[in-house]
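coords please:
(one chain, ligands or ions: 1)
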Amino acid sequence: MLYILKSIFYTFFPKKCICCGNILQTDEKFMCQKCNDLYPYPDKIEYKEEFFAPLAPYMADICILGHYHILKQPVLKFKFNSNVFCGRLLTDMFCGKLKRQQWINDIDYIVPVPLHKKKLRKRGFNQSQVIARMIGKSLNIPVQADNLRRIKNTYDQHLSRGSQRYDNVKGAFALKDIALFKNKSILLVDDVITTCSTSVECCKVLKQCEGIKIYIGAIASDRKIL
Ligand SMILES: [Zn+2]
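Have a look, this model is predicted:
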């Protein structure tokens, strides 16, 4: 009976892929096969290549779920429409990938890229912090969201170009307590890596902590690795 009702319902309201909006086949869940085949980044990213090269001197490793051009719709729905379902789905997929990283068990704190308090007030929540908390809960790792702070209100990175992006975030971050991250391994979490400039600025500040090991995690990146 339930099956028949479901079939009638989905005839009128077919389930659509969260990424491309195409109607899903009965065996597809949330994402169509085509998007599913195209979204993932490799488990091991060769970050010495040009795009991630600015981060190489600071970080121990990087883990990114997938391509922004495929995951754009769910990422934006989560960020600007507070669509928790999309956030949860992306984070669950991301946790599956993080669990395969051999360093994940060494992480002492998950640290979200902070938003400036003015932007936080405007948007209502920091998407990176929500992602960090979901990861922390799922992988049982403490989240430290108060130590790394945004002291400069920058405009969105996608609105600036090239070297402007570095100027935009320069000096934007500060640490409240340098001793807290001394000799700790941290996973710095962002939603999207558009350029590496935000992560680089965070790393520069975090590197003030003696013996710190920085790992970087993001849901999506503009960098196309096909
Ligand atoms: Zn699709």
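
every contact and neighbour count from this point should use C-alpha atoms.
OK.

which helix or strand contains Thr91?
Using DSSP states H and E, the element containing Thr91 is helix 84-98.

for that helix, packing partners?
Counting contacts by 3 or more Cα pairs under 8 Å, 6 or more residues apart in numbering; DSSP states H and E, helix 84-98 is packed against strand 59-67, helix 68-81, helix 127-139, strand 213-221.

can you list the neighbours in contact with the last one?
Contacts to strand 213-221, defined as Cα atoms under 8 Å, 6 or more residues apart in numbering, come from residues 58-68, 71, 90-91, 94, 183-194, 203.

what angle do the helix or strand hosting Leu188 and strand 59-67 make?
Assigning secondary structure by DSSP H and E places Leu188 in strand 185-193. Orientation of strand 185-193 against strand 59-67 (axes from the mean of the first three to the mean of the last three Cα atoms, to 10 degrees) gives an angle of 30 degrees.

check the offset of strand 185-193 from the chain's centre.
6 Å (Cα atoms, centre = their mean, to the nearest Å).

which intervals of this structure have sub-threshold pLDDT?
Within the chain, the segments meeting pLDDT under 70 span 1-3, 6-13, 47-49, 155-166, 224-226.

tell me the residues of it that contact the ion?
Within reach of the ion by Cα under 5 Å from the ion, the chain has these residues: 17, 19-20, 32, 35.

could you rerun that using 8 Å?
Within the chain, the positions adjacent to the ion are 16-22, 24, 31-36 by Cα under 8 Å from the ion.

which one of these is nearest to Lys170?
Within the residues of the chain next to the ion, the smallest distance to Lys170 is 33.1 Å, found for Cys19 (Cα to Cα).
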